[in-house]
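Q: Coordinates only, no sequence provided:
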């Protein structure tokens, strides 16, 4: 007598598949620790899509298959943030960061701990969750009103569509952070643009911002964007910035592992210098370090000035991009007889180094980039060049 094939309830199988896919998406896109091969993941995803196609009544908005699929929008609605997304004051050298420390200690005393986080060169974003589900995503805008980019942000796989909120959080709360373009993904996109005969994108930061504001979510989905989250509003039972970062990790958000609690301004400057030396080892671009008074009680005591908190500051690195003018273009003959055009520039400081000359490699590049005497050009310094 032959055995009958066991029938699996589609509703049960859909739940199983969604849970498996969410777990593997979190392992791959958030933890960078994949547990299965791409082929195995694809098989799970295809099976889920097939079950949902056969049973449309089982489709839910938070299903992994629904990240992309919203209708293209011809505009972005304006949305008001729960609380303002503030801008930070900047410090560019030792004297300015010491002055910040002096102001802090003058207000709250000498017992201060700082939480230092890398300043990602990306686009600030706010995610609103209602009863554990992603309800809305918005850009910073002017800090008070941003643009609704929910359909596009849903396509970024490190953004959880559903979470288990920490105890103490209300039904509706915001998570804030940064959307950025990983350098490898940015270079891949530029190779694709060149192959298609289109202009290259200038830098990862602007391209990330443009990708988030695409009319078609499918374009955003194709860009391999990533996120780091760093703020919870309200903060629930957490009592410090360090606790917030840990809480976000526990809820499944992607949080930068490069962070440190520091107990003196000397430690802050050492950590800042350490990452200035190693910033090009990262898979994303940073333009400094954000230094925050860690304790929320002290933050409350320090308060705000204008649109910036008194308890935080962006300790910036010297810019690696600067604009200047071409004064002359000269050609030099190499040992092999090859002519190399060199643009002589009005001296400009880029990444802490004075740049006067830029090699253009060949005449085609000079013509392609439209470089001529008197042209305004943007100089980008990469690595230790």
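A: Received, thanks. If you're wondering where the values come from, they're calculated on a predicted model, not measured in any experiment. Numbers count the residues shown, from 1 in each chain.

Q: ok now stretch 220-231, how far from the chain's centre?
A: 6 Å (C-alpha atoms, centre = their mean, to the nearest Å).

Q: which residues touch that stretch?
A: Contact with stretch 220-231 is made by 29, 67-68, 117, 120, 122, 125, 127, 152-153, 155-156, 158-159, 174-182, 185, 188-189, 207-208, 211-212, 214, 244-245, 248, 253-256, 284, as judged by C-beta atoms under 8 Å, 6 or more residues apart in numbering. Glycine gets a C-beta too; all of them are placed from N, C-alpha and C.

Q: List the buried residues in stretch 168-179.
A: 169, 173, 174, 175, 176, 177, 178, 179 (16 or more other C-beta atoms under 10 Å).

Q: wait, isn't the third one in contact with residue 130?
A: No - taking contact to mean C-beta atoms under 8 Å, the distance of 10.5 Å between residue 174 and residue 130 leaves them out of contact.

Q: Helix, strand or coil: sort out residue 177 for me.
A: strand (DSSP: H, G, I helix; E, B strand; the rest coil).

Q: Need the pLDDT of the nearest residue to it once chain neighbours are set aside.
A: Excluding the flanking residues, the one nearest residue 177 by C-beta to C-beta, 6 or more residues apart in numbering is residue 229, at 3.4 Å. On the pLDDT scale, residue 229 is placed at 98.

Q: Ok, residue 252 next?
A: 96.

Q: quick one: contacts for the closest residue to it other than its chain neighbours?
A: Of all residues not flanking residue 252 in the chain, residue 160 sits nearest, at 4.8 Å (C-beta to C-beta, 6+ apart). Shown in contact with residue 160 (C-beta under 8 Å, 6+ apart): 22, 26, 134, 251, 252, 253.

Q: quick one: the closest residue to residue 288 other than its chain neighbours from residue 97, how far?
A: Excluding its sequence neighbours, the residue lying closest to residue 288 (C-beta to C-beta, 6+ apart) is residue 316, at 3.8 Å. Between residue 316 and residue 97 the distance is 10 Å, computed by C-beta to C-beta, to the nearest Å.

Q: which residues are in contact with both of those two?
A: Here residue 316 and residue 97 share the contacting residues residue 91, scored by C-beta under 8 Å, 6+ apart.

Q: Pull the contacting residues for the residue nearest to residue 80 when sequence neighbours are not counted.
A: Spatial nearest neighbour of residue 80, chain neighbours left out: residue 145 (5.4 Å); criterion: C-beta to C-beta, 6+ apart. Counting by C-beta under 8 Å, 6+ apart, residue 145 touches 78, 79, 80, 81.

Q: just checking, which of these belong to strands?
A: Counting by DSSP state E, the part of the contacts of residue 145 found in strands is 78, 79, 80.

Q: Hmm, the first one is touching residue 142, no?
A: No - at 10.0 Å, residue 78 does not count as touching residue 142 under the criterion of C-beta under 8 Å.

Q: Run a quick neighbour tally on the residue nearest to residue 288.
A: 20 (other C-beta atoms under 10 Å).

Q: Any of the contacts of residue 145 buried? List them.
A: 79, 81.

Q: Between the contacts of residue 145, which sits nearest residue 370?
A: Checking those against residue 370 by C-beta to C-beta gives residue 78 as the nearest, at 37.2 Å.

Q: Please report how far that closest one lies from residue 139.
A: As judged by C-beta to C-beta, residue 78 and residue 139 stand 10 Å apart.

Q: Any chance you could list residues touching both of the two?
A: Going by C-beta under 8 Å, 6+ apart, residues that sit against residue 78 and also against residue 139 are 146, 147.

Q: Helix or strand with the lowest mean pLDDT in the protein?
A: helix 363-369 (a mean of 69; mean pLDDT, DSSP states H and E).

Q: Pull out the buried positions in the helix or strand following that one.
A: Using DSSP states H and E, the helix or strand that follows helix 363-369 in sequence is strand 376-380. Neighbour counts over strand 376-380 (16+ other C-beta under 10 Å) mark 377, 379 as buried.

Q: repeat for stretch 262-280
A: 262, 265, 268, 269, 271, 272, 275, 276, 279.

Q: Show me the shaky parts of the stretch 1-150 of the chain.
A: For the stretch 1-150 of the chain, the stretches with pLDDT under 70 are 1-6, 32, 68-75.

Q: Could you confirm residue 88 falls within a helix?
A: No - membership of residue 88 in a helix is not supported by three-state DSSP, which gives coil.

Q: Residue 311 is in contact with that one, correct?
A: No - shown here, residue 88 and residue 311 do not form a contact pair, counting by C-beta under 8 Å, at 10.3 Å.

Q: In the stretch 251-385 of the chain, where is pLDDT below threshold?
A: In the stretch 251-385 of the chain (pLDDT under 70), the answer is 319-320, 334-335, 349, 351-353, 361-363, 365-366, 381-385.

Q: what ranges do the strands span in it?
A: 259-262, 286-293, 304-305, 308-309, 312-316, 321-333, 339-350, 353-359, 376-380 (DSSP state E, counting those that start in this stretch).

Q: Run the angle between the last one and strand 353-359 for me.
A: When you say that, I think you mean strand 376-380. Orientation note: strand 376-380 sits at an angle of 110 degrees relative to strand 353-359 (axes from the mean of the first three to the mean of the last three C-alpha atoms, to 10 degrees).

Q: In the sheet, which strands lie alongside strand 376-380, parallel or antiparallel?
A: strand 321-333 (antiparallel) (DSSP bridges).

Q: How about the third one?
A: Strands that pair with strand 304-305, judged by DSSP bridges, come out as strand 308-309 (antiparallel).

Q: try the second one
A: The partner list of strand 286-293 in its sheet, established with DSSP bridges, is strand 114-120 (antiparallel), strand 312-316 (antiparallel).

Q: Make TSV from these and add distance to residue 33 to it.
A: Below are the strands paired with strand 286-293 laid out as TSV (distance: least, C-beta to C-beta, whole Å):
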stretch	distance to residue 33
strand 114-120	20
strand 312-316	31
